[in-house]
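> Return a 3D structure for these sequence lines:
(one chain, ligands or ions: 1)
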Amino acid sequence: MADLDAAWTRLETAAKAAGQQRIVDFFRDEPGRLEALTLDVAGLHLDLSKQAWDEAGLEAALDLAHAADVEGARAKMFGGEAINSSEGRAVLHTALRAPADAEVKALGQPVMAEVEAVRQRMKAFAEAVRSGAIKGATGKPFKAILHIGIGGSDLGPRLLWDALRPVKPQIDLRFVANVDGAEFALTTADMDPEETLVMVVSKTFTTQETMANAGAARAWLVEALGEQGANQHLAAISTALDKTAAFGVPDERVFGFWDWVGGRYSLWSSVSLSVAVAAGWEAFEGFLRGGAAMDEHFKTAPLEKNAPVLVALAQIFNRNGLDRRARSVVPYSHRLRRLASFLQQLEMESNGKSVGPDGKPAQRGTATVVFGDEGTNVQHAYFQCMHQGTDVTPMELIGVAKSDEGPAGMHEKLLSNLLAQAEAFMVGRSTEDVVAELKAKGVSDAEIATLAPQRTFAGDRPSTLVVLDRLTPETFGALIALYEHKTFVEGVIWGINSFDQWGVELGKVMANRILPELESGAAGDHDPSTAALIQRLKK
Ligand SMILES: O=P(O)(O)OC[C@H]1O[C@](O)(CO)[C@@H](O)[C@@H]1O
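Residues are numbered from 1 along each chain as shown. Now for the predicted structure:
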C-alpha cells in the first residue's frame with residue numbers, strides 16, 4: 001500500500017512536470033520516443049508517442065502499474081478466481097474465445113467443454129438457418145433476423161454486425177433495444193413475420209425493455225402465424241434457462257452462457273448468435289481468433305510493450321495526472337461508428353465506481369466520460385471545441401490502413417484527415433504563423449490584432465492512434481479485446497471491481513414504482529418535481 005501511494009505521488013509529480021512542456025518537444029528531447037511508444041499487435045499498429053507523457057512520465061506510469069500488481073490481477077482473472085467479488089464470480093470472457101483444448105477453470109471448475117459444446121450448437125444452428133435447413137412455420141427460409149436486447153445484449157452485437165456485415169447480406173439483421181415503441185414499429189414495418197427469426201437476447205431474461213419488445217415481437221408473430229407457428233420463429237440467448245422456456249422458446253432454440261460472462265463482455269458468446277448467422281460462422285470464428293490473439297499478447301508481453309496496459313496508462317496519466325475528465329474516441333471508419341457507444345458501456349459501466357471492493361472510497365478519480373462518433377463527420381461537429389476549447393480532451397483516433405470498399409480514392413482522403421487531425425492536435429498553429437499569413441494577405445494591423453488570436457491553435461492536445469492493417473473479423477476482435485483489457489487494467493490501478501454494476505439498479509427499481517402510478521394517476525411519495533410530472537404525464 002505504501003508502495004502504491006508512493007507510486008501515485010510519483011505519477012502525479014511526473015505528470016505535472018510533463019504538463020509544463022509541449023508534447024511535440026518530447027520528440028526533440030527523446031530520440032527513442034517513437035520506437036518506445038509504438039507497437040504492432042495482432043494486426044493493430046498503436047502509436048502512443050503523441051500522448052502527454054515524457055520519458056519520466058511513462059516510467060512513473062509503468063511503476064504505478066507494477067505497484068498496483070497488474071500482473072498479479074491479470075493472473076487471477078485468467079485463473080478464474082472470483083475477482084468480481086461483490087457477486088462472487090469469476091471473470092472469464094476470455095474463455096469464450098480460447099481454443100477448445102485450452103485449460104480454463106472458473107472457481108476451480110473446468111469450463112471449456114461447455115463453452116465448446118455451445119459453440120458447436122451455435123455453428124450448427126447458424127449453418128442450418130443459412131442453408132435453409134431450418135425454416136419458418138410456413139416452410140419459407142429465414143431472410144431476416146430481429147435481434148432484441150439492450151446494453152451488453154445489444155451494443156456489442158450491433159457493432160460486430162456493422163464491422164462484419166457483407167455489403168449485400170443474405171440475411172437482413174435488425175436490432176431493437178429501446179422500450180420506445182417507435183423503435184419496434186420503425187424496425188419491423190417492412191419485415192415479414194413469415195421470413196423472420198426473432199432472437200431474444202438477455203442474460204437475466206428479466207430486463208424491462210427486452211421483455212417488452214420480446215412480448216411485442218411474439219404478438220407480431222402470433223398474429224401472422226398463430227401460437228405454435230410463432231414458437232418456431234423464436235430463439236433465446238440467456239443464462240436463465242427456466243425463463244426462456246416459460247416464454248415459449250423450444251429448448252433446442254435456447255443458447256446459454258455463464259454467470260462468469262458480464263453483459264458488456266458477452267459479445268463473444270451466444271449473445272452474438274444473430275451476427276454469426278447473418279455474417280456466417282467463419283467470420284464469427286475469425287472474430288474469436290482476433291480476441292484470443294490479443295489475450296495472448298496481454299498475458300505475455302512485458303508491461304512496457306503491452307498494448308492494453310499502455311493504452312490504460314495513457315488514460316490514467318491524463319485523468320489522474322493532468323485532471324482531464326473526458327476522452328473522445330473517433331474511428332475514421334464508418335463500420336466502427338458505434339465504437340464510442342460500445343465503450344461507454346464497457347468503460348463507464350465497468351469503472352464508473354467511487355468505492356472499492358472493501359467498501360472504502362476510491363482514492364483517486366475513476367472512469368471518465370467517453371464520447372465520440374465517426375471521423376470525418378465529427379470534424380464538422382465538435383472538433384472546433386477539441387482544437388480551441390478551454391478544456392483539453394485526450395483523443396483516441398482509430399483508422400484502417402487498407403480498404404478496398406467503395407469508390408476509388410475515398411480511403412486516402414479519409415486517412416489524410418485522420419493523420420492531419422492527430423498532427424494538428426499536437427502541433428497546433430502559432431500566432432506568429434497566423435500573423436505572417438495575414439500580413440502577406442495585406443490584412444491591417446488592427447484586424448490582425450483581433451483575428452490572429454482567434455486563428456491560433458494552442459495544440460499540445462494528446463492523442464493515441466490505433467491503425468488496423470485492414471478491418472477483418474480478426475483485427476476487429478483484437479481491437480475489442482484491447483479495450484476490454486485496457487478497462488480491466490484501469491480498474492486494477494484504481495482499486496475498484498470492474499465487473500459489477502450496482503449503479504444501474506436504483507433507476508430500474510424506481511421506474512417499476514412509477515409505472516403503476518403513471519397508469520393509475522395516483523402518485524406515491526415523491527419529491528415535488530417528480531410528483532408534479534407524474535400528474536402531468538399520467539395516462
Ligand atoms: O442482458 P440483460 O440481462 O437483459 O441485461 C442488459 C444490460 O442491462 C445491464 O444490466 C444494465 O442495466 C447491463 O449490465 C446489461 O448488459
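> rest of the way, CA atoms for contacts and neighbours
Noted.
> Which strands and helices lie in contact with the biggest helix by length in the chain?
Identified as the longest helix of the chain according to DSSP state H is helix 208-231. The contact analysis (3 or more Cα pairs under 8 Å, 6 or more residues apart in numbering; DSSP states H and E) places helix 208-231 against strand 144-148, strand 196-201.
> any idea which of the ones you listed is most buried?
Of all those, strand 196-201 carries the top mean neighbour count, a mean of 27, counting by mean count of other Cα atoms under 10 Å.
> now it, how far from the centre of its chain.
23 Å (Cα atoms, centre = their mean, to the nearest Å).
> Can you list the strands that it pairs with?
If you go by DSSP bridges, strand 196-201 pairs up with strand 144-148 (parallel), strand 234-238 (parallel).
> what is the mean pLDDT for that strand?
Averaged over strand 196-201, pLDDT sits at 98.
> And for stretch 327-341?
98.
> Which of the residues in that stretch are classified as buried?
327-333, 335-341 (16 or more other Cα atoms under 10 Å).
> Which members of the residues you listed occur in strands, if any?
327-331 (DSSP state E).
> what would these look like in TSV with distance to the ligand?
Formatted as TSV, these follow (distance: Cα to the nearest ligand atom, whole Å):
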residue	distance to the ligand
R327	22
S328	22
V329	21
V330	23
P331	23
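> rewinding a little: compare the strands paired with strand 196-201 and give me the one nearest the ligand.
strand 234-238 (7.4 Å; Cα to the nearest ligand atom).
> any chance you could map the strands in this structure?
Under DSSP E, the chain gives strands at 38-41, 44-47, 105-106, 109-110, 144-148, 172-176, 196-201, 234-238, 254-256, 326-331, 369-371, 395-402, 463-470.
> residue contacts, A278?
Going by Cα atoms under 8 Å, 6 or more residues apart in numbering, A278 touches 126, 130, 145, 165, 169-173.
> If we ignore the residues flanking it in sequence, what's nearest I493?
Nearest residue to I493 in three dimensions, chain neighbours excluded: A68, at 5.4 Å (Cα to Cα, 6 or more residues apart in numbering).
> Wait, that neighbour touches E490, no?
No - counting by Cα atoms under 8 Å, E490 is not a contact partner of A68; they are 10.0 Å apart.
> how far does stretch 264-282 sit from the chain's center?
The answer for stretch 264-282 is 15 Å, by Cα atoms, centre = their mean.
> Is any residue of that stretch near the ligand?
Yes - Stretch 264-282 is in contact with the ligand by Cα under 6 Å from any ligand atom, via R264.
> Give me the neighbour count for K105.
17 (other Cα atoms under 10 Å).
> Show the contacting residues for it.
K105 neighbours (Cα under 8 Å, 6+ apart): 79-80, 111-112.
> For it, name its beta-bridge partners.
Assigned bridge partners for K105, using DSSP bridges, are P110.
> gap between it and the ligand?
Here the criterion is Cα to the nearest ligand atom, to the nearest Å. By it, K105 lies 23 Å from the ligand.
> ditto for L418
L418 is 32 Å from the ligand, where distance means Cα to the nearest ligand atom.
> now do T13
36 Å.
> For that residue, report the pLDDT, please.
For T13, pLDDT reads 98.
> neighbours of G72, just the number please.
Applying other Cα under 10 Å, we find 11 residues neighbouring G72.
> On the pLDDT front, check it for me.
pLDDT, read off for G72, is 98.
> again, but for the one 4 residues further on
Reported pLDDT at K76 in the predicted model: 98.
> my read: it touches N84, true?
No - the criterion here is Cα under 8 Å, and K76 misses it with N84 at 10.7 Å.
> higher neighbour count, those two?
N84 (19 against 15).
> From L310, how far out is the residue lying closest to the more buried one once chain neighbours are set aside?
Spatial nearest neighbour of N84, chain neighbours left out: F499 (5.5 Å); criterion: Cα to Cα, 6+ apart. Distance, F499 to L310, using Cα to Cα, to the nearest Å: 21 Å.
> what about D180, neighbour count?
Neighbours around D180, by other Cα under 10 Å: 12.
> Give me the phi and psi for it.
Dihedral angles of D180 (phi, psi; degrees, to the nearest 10) stand at phi -90, psi 110.
> Look up how far R74 lies from the residue nearest to I493.
Distance from A68 to R74, by Cα to Cα: 11 Å.
> Then K135?
45 Å.
> Distance from stretch 447-462 to the middle of the chain?
35 Å.
> my bad, stretch 235-252
Distance, centroid of stretch 235-252 to centroid of chain: 27 Å (Cα atoms, centre = their mean).
> ok, and what's touching it?
By Cα under 8 Å, 6+ apart, stretch 235-252 touches 197-205, 231-232, 234, 253-259, 270-271.
> Buried residues, it. List them.
235-241, 244, 247-250.
> so what's whatever residue of the stretch 351-500 of the chain ends up closest to the ligand up against?
Nearest residue of the stretch 351-500 of the chain to the ligand (Cα to the nearest ligand atom) works out as D500 at 7.9 Å. By Cα under 8 Å, 6+ apart, the residues touching D500 are 84, 86-87, 262, 350.
> same deal with L303?
Counted by Cα under 8 Å, 6+ apart, L303 has contacts 62, 65, 309-310.
> T188 - how many residues pack around it?
Neighbours of T188 (other Cα under 10 Å): 18.
> Ignore what I typed, I meant E412.
13.
> same deal with A14?
By other Cα under 10 Å, neighbour count at A14 equals 23.
> Enumerate every residue touching the residue nearest to it when sequence neighbours are not counted.
Of all residues not flanking A14 in the chain, G57 sits nearest, at 5.0 Å (Cα to Cα, 6+ apart). Applying Cα under 8 Å, 6+ apart, we find G57 in contact with 11, 14-15, 18, 317.
> Ok, L96 next?
With Cα under 8 Å, 6+ apart, L96 has these contacts: 115, 268-269, 288.
> Could you do G280 as well?
Taking Cα under 8 Å, 6+ apart, one finds 126-127, 130 in contact with G280.
> Sketch out the low-pLDDT regions of this protein for me.
1-2 (pLDDT under 70).
> Around the ligand, pick out the residues from it.
So the chain meets the ligand at 150-153, 202-205, 207, 263-264, 504 (Cα under 6 Å from any ligand atom).
> picking up where we left off before, may I ask which of the contacts of D500 has the most neighbours?
Neighbour counts for the contacts of D500 (other Cα under 10 Å) peak at S350, which has 25 neighbours.
> Could you check how many residues crowd around the closest residue to R158 other than its chain neighbours?
In space, R158 comes closest to F175 once its chain neighbours are excluded; the distance is 7.2 Å by Cα to Cα, 6+ apart. F175: 22 surrounding residues under other Cα under 10 Å.
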